[in-house]
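Undergrad: Below is the sequence, then the predicted model.
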Amino acid sequence: MHRALYRLTGEEDEDLWAYARDATGLFRPLPGGRRRVRLLGCAPQGGLERALRHLGGRRADAGNAHLDLLDHSGAELGTYFVNWVTAREVRPSALGPELVDLTLDLWCDDLLPHSEWPWELRRTGRLDRPGLWRSLGPAGRHAWLSVAMRHHGRGGLSDAPPGAVYELDGRQLVDEDSFYCAVGEAVNGPGGYFGWNLDALDDCLGGRWGATAPFMLRWHHSDVARARLARFPTVLEILRRHGVEVVLL
């Protein structure tokens, strides 16, 4: 199963349900928030295997689970909590003689549309240069931030020491989400996260999110940001309250 890209684990006792080599439908919500998901190339076990014995009945509801996204080496990229996983169909898979394709219903508000591309960039190692988020529209930028937050939340990233200098380009800021895309990148590199609303920015400035205050933020073309960000003064106040020296250029 070394080629698996997804792992599904039951909520209770970390009961492993399945690895899957691919999936469809995760980022396409249906009316009412339900997702009709196909996990391709699975060997179901545990609570999911038990649910498959009762297709069409109430006991086909396997319960809540954790859905982990994996890279090609099997390392975890991020995880989502999914609700009410219900088995709908099982078929032999073309991906292996002992494998099946599963059709499941599940609910998860956090699996935002437009999230698939930033996850794929991380999975394939192509998130290797700044500014990739700039091609996205408003919904895409919001999804980009959700992926950045979820990936960063895995832990393992230590803070830079106090006194660091970060460069923020204000020319690409068209709304609040674009500011968070840019500042996350300035602090933590391509695809980096450093908040996605004012409260989250305040939390990140407290440490454990890549930077240690006091530090300097050199904000290039700040006049563009000032004109386009309604909360520009509040952002400055939060940064300065945490000891950040903001240099407006």
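TA: Now that the structure is in, tell me what you want to look at.
Undergrad: which non-adjacent residue is nearest Trp144?
TA: Trp133 (4.8 Å; CB to CB, 6 or more residues apart in numbering). (Each C-beta comes from the backbone N, C-alpha and C, glycine too.)
Undergrad: pretty sure that neighbour is touching Val147, no?
TA: No - applying CB atoms under 8 Å as the test, Trp133 and Val147 come out as separate, 10.1 Å apart.
Undergrad: between these two, what contacts are shared?
TA: Common neighbours of Trp133 and Val147 (criterion: CB atoms under 8 Å, 6 or more residues apart in numbering): Gly191.
Undergrad: Let me know the pLDDT of His151.
TA: pLDDT recorded at His151 is 94.
Undergrad: what about the closest residue to Ala143 other than its chain neighbours, neighbour count?
TA: Leaving aside its chain neighbours, Ala143 sits nearest to His114 (3.8 Å; criterion: CB to CB, 6+ apart). A count of neighbours around His114, defined by other CB atoms under 10 Å, yields 18.
Undergrad: And for Ser178?
TA: As a burial measure, Ser178 scores 22 neighbours (other CB under 10 Å).
Undergrad: what about it, which SS state?
TA: With DSSP: H, G, I helix; E, B strand; the rest coil as the basis, Ser178 sits in helix.
Undergrad: Tell me the helices and strands packed up against the helix ranked longest in the chain.
TA: Counting by DSSP state H, the longest helix found in the chain is helix 138-152. Helices and strands touching helix 138-152, by 3 or more CB pairs under 8 Å, 6 or more residues apart in numbering; DSSP states H and E, are strand 76-92, helix 116-124, helix 176-188.
Undergrad: Tell me which helix or strand in the protein has the weakest average pLDDT.
TA: helix 222-228 (a mean of 92; mean pLDDT, DSSP states H and E).
Undergrad: those strands in this protein, which residues are they?
TA: 6-10, 16-20, 22-24, 34-42, 61-70, 76-92, 100-107, 165-169, 216-220, 245-248 (DSSP state E).
Undergrad: Can you tell me which of the ones you listed is packed in deepest?
TA: Each of the strands of the chain was scored by mean neighbour count; the highest is strand 16-20, a mean of 23, by mean count of other CB atoms under 10 Å.
Undergrad: in its sheet, what does it sit against?
TA: strand 6-10 (antiparallel) (DSSP bridges).
Undergrad: Kindly export the strand it pairs with (C-alpha atoms) in CSV.
TA: Output of strand 6-10 as CSV, limited to C-alpha atoms (Å, rounded to 0.1, in the frame of the first residue of the first chain):
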residue,chain,number,x,y,z
TYR,A,6,-5.5,8.6,1.5
ARG,A,7,-6.0,6.9,4.8
LEU,A,8,-9.3,6.6,6.7
THR,A,9,-9.2,5.9,10.4
GLY,A,10,-12.2,5.4,12.7
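Undergrad: Relative to the whole chain's centre, how far out is that strand?
TA: Chain-centre distance of strand 6-10: 16 Å, with CA atoms, centre = their mean, to the nearest Å.
Undergrad: Point out where this structure drops to low pLDDT.
TA: For the chain, applying pLDDT under 70 flags the ranges 1-2, 155-156.
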